[in-house]
Each structure stands twice: as structure tokens, then as C-alpha cells.
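Trainee: structure, please.
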Amino acid sequence: MKSYPHERKILIIDQKSQLTLLLYTVFICGVVIVVGNLIQHSLQLAQEASVLTNMQRSWMIFAGFLAVFLMISSFVVGIILSNRFAGPVYAIRRHLRWLLDENKIELVHLRQGDMFEDLATDFNQLLIRIQKGQIKVDLDPSKEKSDNPHGS
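Mentor: As a prediction, this is how the structure comes out:
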């Protein structure tokens with residue numbers, strides 16, 4: 001039986017998922033920097049002049065609205081992105097429970113654009129091969145598990 005190594009030799013193992021998270025993290029950091037600079041600039045304007053000009057007052061109002069917009073948009077993007085990660089995990093887990101309860105094989109389907117589509121594809125291929133009898137299923141716990149890459 002083929003043995004699988006436990007150590008990773010590359011940094012990016014799931015390019016789509018990892019780069020999506022990385023880009024979102026950079027986006028959030030950018031939002032924090034922009035909002036922080038806007039607030040700092042607005043506070044400096046308020047301290048430098050006892051009477052604010054209309055332009056300075058407009059800038060402070062704009063900065064406040066922009067900060068609120070950036071925070072709300074970051075929240076919305078975060079919700080959408082987290083659903084793209086959590087949704088497939090939830091769907092696969094729900095499907096596994098259904099397989100156990102119903103004791104019959106049906107394929108799992110994810111929404112287009114969800115993360116882990118490759119996991120669902122591999123899972124479906126495994127189910128198909130088990131159903132066709134191409135994979136021997138022997139779950140006797142008394143047997144040695146030395147060939148199991150995830151066993152102890």
C-alpha cells in the first residue's frame with residue numbers, strides 16, 4: 001500500500017483557498033490603515049484650528065462616512081468569504097451524517113464558487129468507487145494500521 005508523507009514541502013498547498021484568505025487579510029489591513037489615517041488626519045485638523053473651515057469640516061464628514069463604509073464593506077466581504085469556506089464544510093458534514101443515517105450512497109453537491117470543490121470531487125469519486133466495489137473496505141480495528149497515513 002502506498003505510504004503518504006506527513007510533512008509538507010511547499011508553503012502554498014491549496015492555492016485558491018490560501019490566496020483568497022491572503023487577499024482578504026491584505027484588504028482588511030488596508031482598510032485598517034486607511035481608516036486609521038483618516039481618523040488621525042481629521043483629529044489633527046480639529047486640533048490645529050479652533051475654528052474649522054467648511055472644507056475641513058467637509059473633509060472630516062467625508063472621512064467619517066468613508067470609514068463607516070469601509071468597515072461595513074469589510075464585514076460584508078468577510079461574511080461572504082466565510083460562507084464560501086464554512087458552507088462546503090457544513091454541506092459535506094451534513095452529507096456524511098445523511099449517508100450514515102440512510103445507509104445509501106448519493107453524491108455531495110456544492111454551490112459553484114465554493115471552496116473545497118476539489119475535496120467534494122474526491123469524496124464523490126471515493127463514494128463511486130466504493131459503490132462499484134473497486135475499493136475494499138475493511139474496518140477491523142484489531143488489524144495493524146501501519147499503512148494508514150492518518151492512523152496512530
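
Trainee: what helices or strands is whichever strand or helix holds residue 70 leaning on?
Mentor: For residue 70, the element it lies in under DSSP states H and E is helix 54-102. Judged by 3 or more Cβ pairs under 8 Å, 6 or more residues apart in numbering; DSSP states H and E, the packing partners of helix 54-102 are helix 15-48, helix 117-131. In this view, the C-beta of every residue, glycine as well, is placed from N, C-alpha and C.

Trainee: mean pLDDT lowest where, among the ones you listed?
Mentor: Of all the helices and strands packed on helix 54-102, mean pLDDT reaches its minimum on helix 15-48 (a mean of 77).

Trainee: quick check: buried residues in it?
Mentor: Buried residues in helix 15-48, counted by 16 or more other Cβ atoms under 10 Å: 17, 24, 27, 31, 35, 38, 42, 45.

Trainee: export those residues to JSON lines and tack on distance to residue 119?
Mentor: Converted to JSON lines, those look like this (distance: Cβ to Cβ, whole Å):
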{"residue": "17", "distance to residue 119": "10"}
{"residue": "24", "distance to residue 119": "20"}
{"residue": "27", "distance to residue 119": "25"}
{"residue": "31", "distance to residue 119": "30"}
{"residue": "35", "distance to residue 119": "36"}
{"residue": "38", "distance to residue 119": "41"}
{"residue": "42", "distance to residue 119": "47"}
{"residue": "45", "distance to residue 119": "52"}
